[in-house]
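Student: Whatever this is, show me its structure:
(chains A and B)
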Amino acid sequence: MRCYSEDSCGDVMLGAERYGTAHNGLGDWYVQRLTAIVVALLMPLAYLLLLAVYNGALDQMQMLDLVDGYIGRMLHTLLLIALLTHAYLGVKLIVEDYVHMAALRIPMMGALLIGLAGFGIWWLSVIWAWAA
Amino acid sequence: MPTVKRPSYSRPLSPRLAVYRWQLPMIASLAHRATGIILALFVPVYLFILTGLTGSPDDFIRQMAWMHSVPGRLILWLTGTALIYHLVNGIRFILLDAGWFEARDSMRLTARISVGAGVLGALLLGGFLW
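Tutor: The predicted model follows:
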């Protein structure tokens, strides 16, 4: 259904034919939700593990047994990739909403991207360097 | 070519905080962004804690002492509360995207559940950490 006049625009959300000028907004939207689900499944595990160590329920060796195995490393890697992607897209959305000056916005987004990528590389090196 | 009629008056778009009346779903949305920024800032702290806890036994003891200090507890409490809220409200947002609870009343009710979960989480986590 084409939305050329106001009379025919009732169902425009059900069959949009014009996607605006960016053409890639849906990609960000979808990846944001996909990574949200990965983070929602894995982040509570990481935080509960942290609280168990805080509480003394797990000592260092018991904690290492959980995170230092191959499965622990894989899940941790999956978590950090999803988390950093989710954080990048989320902060990007906020910056795009509130920072309108290009001279400020472009360096901010660049610093965010490089910063998160740097943390990701450091984080990966920490996880995969643990003595097996 | 399709054309879009724009109203002649300038209608405020969504992030205009100074224009709209404050309502609970709006606060829930803003809190989602605020807690998201807090959690993004927690990434370096998480790495700091992770390297400490998985380092030598001395590193572990030092990191545990930091986590039990007042700033350590406050940071764990703040980020944990932000995580609980962001998780519950994030599930709410995905349900909204899927088309559930879109009516005005259910938007308000689910916003209340999100904020309530955040407050309850803050209390429980505070009890656990102190």
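
Student: Close to chain A: what parts of chain B are there?
Tutor: B:2-3, B:5, B:14-15, B:33, B:36-37, B:39-40, B:43-44, B:47, B:49-51, B:53-54, B:57, B:60, B:64, B:67-68, B:76, B:80, B:83, B:87, B:90-91, B:94, B:97, B:128-129 (Cβ under 8 Å from any Cβ of the partner chain). (Each C-beta comes from the backbone N, C-alpha and C, glycine too.)

Student: The residues you listed in helices, which ones?
Tutor: Using DSSP state H to define helices, the subset of those located there is B:33, B:36-37, B:39-40, B:43-44, B:47, B:49-51, B:53, B:57, B:60, B:64, B:67-68, B:76, B:80, B:83, B:87, B:90-91, B:94, B:97, B:128-129.

Student: pLDDT below threshold where in the chain?
Tutor: All of this is about chain A. Applying pLDDT under 70 to the predicted model, the residue ranges of chain A that meet it are A:1-25, A:131-132.

Student: Oops, wrong one, chain B.
Tutor: Regions of chain B meeting the criterion pLDDT under 70 cover residues B:1-15.

Student: ok so, going back, may I see the ChimeraX selection of the buried members of the ones in helices among the residues of chain B next to chain A?
Tutor: Buried members of these, defined by 16 or more other Cβ atoms under 10 Å in any protein chain shown, are picked up in ChimeraX with:
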select /B:33,36,39,40,43,49,50,53,60,64,67,76,80,83,87,90,91,129
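
Student: Could you look up the SS state of A:H100?
Tutor: Taken by DSSP: H, G, I helix; E, B strand; the rest coil, the conformation at A:H100 corresponds to coil.

Student: Name the residue closest to the centre of chain A, please.
Tutor: Computing the C-alpha centroid of chain A and ranking residues by Cα atoms, centre = their mean puts A:H86 first, at 1.4 Å.
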